[in-house]
Each structure stands twice: as C-alpha cells, then as structure tokens.
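Novice: My questions are about this predicted structure, shown below with the sequence.
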Amino acid sequence: MRRRLVLVTLLFASFVARPSVPSSFSQTPENAPSPTAETQPTSSETSPAPMSTDEHKLPELLPQEREDAVLVLGELRSAVRLSPDSAKDRLKLAQGLYRIGDLDAALDECRAGLKLEPNNAKAHLQLGITLMAKQDGRAAATALKEAILLDPEMTHAHYSLGSVQYSLGNLTAAIQSYRRALELQPNFPDARYRLALVLKLTNRHQEAARLMEEAAIGGIPQAQYFMGNAYRNGQGVEKNLALAIRWWTTAVEFGQQRGAESLSQLRRQALSPDQPERRRKEAIDAFRQYRDGLWAEYPDAVRNDPNESLGIALLKDSQASDGVTLLFAEAYALGETAHDELARLYESGLDTRLAQFDKRILRCFETTAADGFIPSKKALARIYGKGLGVAPDLQKAKAMLKGLSKQEMKTVLDDIAGR
C-alpha cells in the first residue's frame, strides 16, 4: 500500500510540474456506462453508439452473495406482506429484486411505491436505474429527471442521467449532468472519467485530458491505461516511456489487463532482435528508467550499484513485504538481478510471503519468457527440466531454450542433468 500511495503522489507531482496536457487518447474505452458498475461509456471517432444489450448488464453475484441476496429478499417480502402500504418497504424490495436481476418485478415494486408516495425522489431514482438495466433509455431519463426535480442535490441521479443521455446520443446533456454530479461531489473520479470521455467526443481535448489525469490519480484503471498510452505516443505530453510503464503498471495493479498487453508489447520491442536498434534501445532505456524511478519512493534505501535491485535491498533491510512486491515489479520490467533473486526464492521460498514453488513467480517467468526475456527462458528450462514444482518435462525445457546460443543451451542442459 505504501508503494502505491507514493507512486500516485509522484505521478501527481509530475502532472502539476508539466506545462502541457494531452490532446487525445490512443484507444477507445471498452464499455458504456452502467448504473450498477464503474464501467465507462464507449466512444468512436464520430459519435456515441446507442445502447446495446451489454451496456447495462447487472454485476454477476458470487454464489455466496446470491445466497445472501435471496435470504434478504425473503425478509423484504415478509416486510411488504406485513405493511403493503409502506412505500419505504416497497422500495427496499425493489432494490433487493434488482440485486438478484429480477428487473420486471423490481419495476413493479418501484411503481407500487410511487403510487403510495409520488414525490419520493429515491423511488424515482431506483425506477430510473432499473429502466437503465432494462435498456429503456428514454423512460429512464424521464424517471431520473423526476428524481432530480424532487431532489436537485441527488448526485447519483445526475450521474446516472449523464450515462443515459450519452447512450441516447445527447452529449451536451450528458456533459451537463456529469458536471452537476461533480459540483455536488467533487471527489468523484468515476464521473471525471466519464465526463472526460464525452468531452473528447466533442473535441474539448484539453479539458478532457485534465479530467482524465485526475481520474487516473483517483484510481480509475481505464484512465491509468489511457494515460500510459498518452505518454507512449507523446499525445499532448512530452513522450516518456518510463511514465507510460508506470501508468500501465498501476493500471494492471488496479485490474486493467490492457495495461499488461501494452507492457508485453514494449518488452517485445526491447527484446526482439527483429526490431530496429533505435527502437530496442528506446524500450530498454525506458524499463531501466522505470526501475531507477522506483528507488525515489524509498529514500532511506541504500543503493551501492546502478544494477542493484531495490527489492533485494528492501529484503536486506527487513522490509520483506515491500521487497517481494518490488522484486516482481523489477522482474516484469526486465530487471535481471531481481529476476535472479525470484528464481532463487522460487526454489527456497521466503517465510510466509513466498511459498516454495510459488505460482506467482512461475507466472512472472512465463509472461516475460513469452516476450523474449532470456533469463526467464533459462529459469523455466531449469524448472521444467528438474520438475521443480511442476511435472518434469524435458521436451518443454528444451523448447524454452529455443533462440539461445549453443553454449547457453549446453550450460542450462548440463545444469538440468546435474553435470
């Protein structure tokens, strides 16, 4: 957690210091806004697409969550049976039905509650959200506008209305709704991100970029991914591949796997002999600068050598938790010293933090080996050749060594054979 907080602080400082802002983003977002999950609107180069069947899907509940929701639903139905004229109980039942995905029954309960209390702003909001999930955008907009009329300071209603207006193609109204949501709740990174995307569609690139940065710093994985793209391509900012790596790495930590794809692409650029030397050096230097930048987050750590691993230094300094985290970060960023330490820890383990034959280390090696990282290829050949935590597979071990020199292959195979 300390590393992540420091990283975000450093990134924020870099944004404050630089004079320019991004003019565009290199990718389009994946999902349209949903009333029940923090996904974002899709965009195209021209205009927003209408609602599709996937844009307002309910979040899938885990088995235990579904079981709990069903139990709660039984209690809510009992309350309505005892007090059928209670709008409050009707609304709670509507929310319970919505949670398990019974949208038609949820609509019935919303409407029953509104008959009892026509001026209940929360009931209009729940009706609007349920209609969004039913993909009835126009009816949802009507319900949400009614909620706002009754309670103008209901942030959720403005936010949801922005999503609906976007889906209906009314960008001006969507911008107004998102702006109002931010006025009511300034600490709302999701609204900043959605507003940034809509502003981009209306060619307001500078404001869109500022909001995108703020959303990225606020923890929105898609925004972090897009900022990585901006730094990779120099879109409105000075091109800086080390900062791109930082943003993509942060995005992956927050669950955005497209960042992992971008990191893989850059590793291949650094490692492929088919790449022009200039491009290879550019990528190699970026990973080195990224690894060097990690040291700034630990000013008390002593660095005696430019190639020294921060993760190893922290392990020696009795900061095992941060040390393990940094070892992975450095290894994914082509740090050979960190990689070698992980290879050792794979076989020995590290108290409770890394089990012997830890699968996370194996995944790290498999990922970087697939991108062409020779130390990972050698480590995997040894692992499979000797059956270290996996079934012995000499053929797979030999396949891992493809592309290495004959001498390198011989050295690894001799090690596997115990010679």
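Specialist: Yep, that arrived.
Novice: okay, and for this structure, where does confidence drop off?
Specialist: 1-67, 69, 236, 419 (pLDDT under 70).
Novice: and with 80 instead?
Specialist: Flagging of the chain using pLDDT under 80 yields the residue ranges 1-74, 77, 80, 206, 235-237, 419.
Novice: Show me how the record splits it into domains.
Specialist: 30-220, 298-417 (automatic domain parsing).
Novice: quick one: the last one to chain centroid distance?
Specialist: Its chain's C-alpha centre lies 26 Å from the corresponding centre of domain 298-417 when counted by CA atoms, centre = their mean, to the nearest Å.
Novice: Would you mind measuring the gap between the ends of it?
Specialist: 42 Å (CA to CA, to the nearest Å).
Novice: And stretch 231-249, by the same measure?
Specialist: OK, stretch 231-249 end separation, CA to CA: 13 Å.
Novice: Same check on stretch 193-207?
Specialist: 11 Å.
Novice: same question, stretch 113-127
Specialist: First-to-last residue span, stretch 113-127, CA to CA: 10 Å.
Novice: got the buried residues for that stretch?
Specialist: By neighbour count with 16 or more other CB atoms under 10 Å, stretch 113-127 contains the buried residues 113, 114, 116, 120, 121, 122, 123, 124, 125, 126, 127. C-beta: built from backbone N, CA, C; applies to glycine.
Novice: contacting residues for the fourth one?
Specialist: If you count contacts by CB atoms under 8 Å, 6 or more residues apart in numbering, residue 120 has them with 87, 91, 113, 114, 150.
Novice: isn't the last one right next to residue 118, touching?
Specialist: Yep, that's residue 150 we're talking about. No: applying CB atoms under 8 Å as the test, residue 150 and residue 118 come out as separate, 9.4 Å apart.
Novice: about what we covered before: which stretch among the domains of the chain comes nearest residue 240?
Specialist: Among those, the nearest to residue 240 by CB to CB is domain 30-220 (13.8 Å).
Novice: Pull the distance from that closest one to the chain's centre.
Specialist: Relative to its chain's centre, domain 30-220 lies at 21 Å (CA atoms, centre = their mean).
Novice: Now do the helices in the stretch 201-350 of the chain.
Specialist: 205-217, 221-233, 241-253, 257-271, 277-295, 310-316, 320-332, 336-348 (DSSP state H, counting those that start in this stretch).
Novice: Please find the angle between the direction vectors of the helix or strand just after the last one and helix 336-348.
Specialist: Think helix 336-348. For helix 336-348, the following helix or strand on the C-terminal side (DSSP states H and E) is helix 359-370. Using axes from the mean of the first three to the mean of the last three CA atoms, to 10 degrees, the inter-axis angle of helix 359-370 relative to helix 336-348 is 140 degrees.
Novice: Tell me which residues of helix 359-370 come out buried.
Specialist: Of the residues in helix 359-370, those buried (16+ other CB under 10 Å) are 361, 362, 364, 365, 367, 368, 369.
Novice: Please apply the same query to stretch 216-230.
Specialist: Those would be 216-218, 220-230, for stretch 216-230 by 16+ other CB under 10 Å.
Novice: before we move on, what about stretch 86-93?
Specialist: Going by 16+ other CB under 10 Å, stretch 86-93 has these buried residues: 86, 87, 89, 90, 91, 92, 93.
Novice: and for it, what are the contacting residues?
Specialist: With CB under 8 Å, 6+ apart, stretch 86-93 has contacts from 73, 76-77, 79-80, 83, 109-110, 112-114, 116-117, 120, 122-123, 126.
Novice: One more: stretch 331-339?
Specialist: So stretch 331-339 is contacted by 245, 249, 263, 267, 270-271, 284, 287, 290-291, 307-312, 326-328, 330, 342, 364-365, 367-368, 373, 375-376, 379 (CB under 8 Å, 6+ apart).
Novice: how close does the nearest residue to residue 317 once chain neighbours are set aside get to residue 405?
Specialist: Closest residue in space to residue 317, ignoring its immediate chain neighbours: residue 301 at 6.6 Å, by CB to CB, 6 or more residues apart in numbering. Residue 301 sits at a distance of 36 Å from residue 405 (criterion: CB to CB, to the nearest Å).
Novice: cool, and residue 260?
Specialist: 30 Å.
Novice: quick one, which of these two is more surrounded?
Specialist: residue 260 (16 against 10; other CB atoms under 10 Å).
Novice: Please verify my assumption that that one contacts residue 250.
Specialist: No: contact criterion CB under 8 Å: residue 260 and residue 250 do not qualify, at 11.7 Å.
Novice: picking up where we left off before, narrow the buried residues of stretch 113-127 to those in helices?
Specialist: 113, 114, 116, 121, 122, 123, 124, 125, 126, 127 (DSSP state H).
Novice: State the pair within these that is farthest apart.
Specialist: Among these, 116 and 125 lie farthest apart (CB to CB), at 16.0 Å.
Novice: Kindly present the buried residues of stretch 113-127 as TSV, with separate columns for distance to residue 321.
Specialist: Shown next, in TSV, are these (distance: CB to CB, whole Å):
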residue	distance to residue 321
113	49
114	52
116	54
120	49
121	46
122	43
123	47
124	48
125	43
126	43
127	47
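Novice: I'd assumed residue 196 was in a helix, is it?
Specialist: Yes: under DSSP: H, G, I helix; E, B strand; the rest coil, residue 196 sits within a helix.
Novice: quick one, what contacts the closest residue to it other than its chain neighbours?
Specialist: Leaving aside its chain neighbours, residue 196 sits nearest to residue 211 (3.8 Å; criterion: CB to CB, 6+ apart). Neighbour list for residue 211: 192, 193, 195, 196, 199 [criterion: CB under 8 Å, 6+ apart].
Novice: pretty sure the third one is touching residue 175, no?
Specialist: If I follow you right, that is residue 195. Yes: in this structure, residue 195 is within contact of residue 175 by CB under 8 Å, at 6.6 Å.
Novice: Nothing else from me, thank you.
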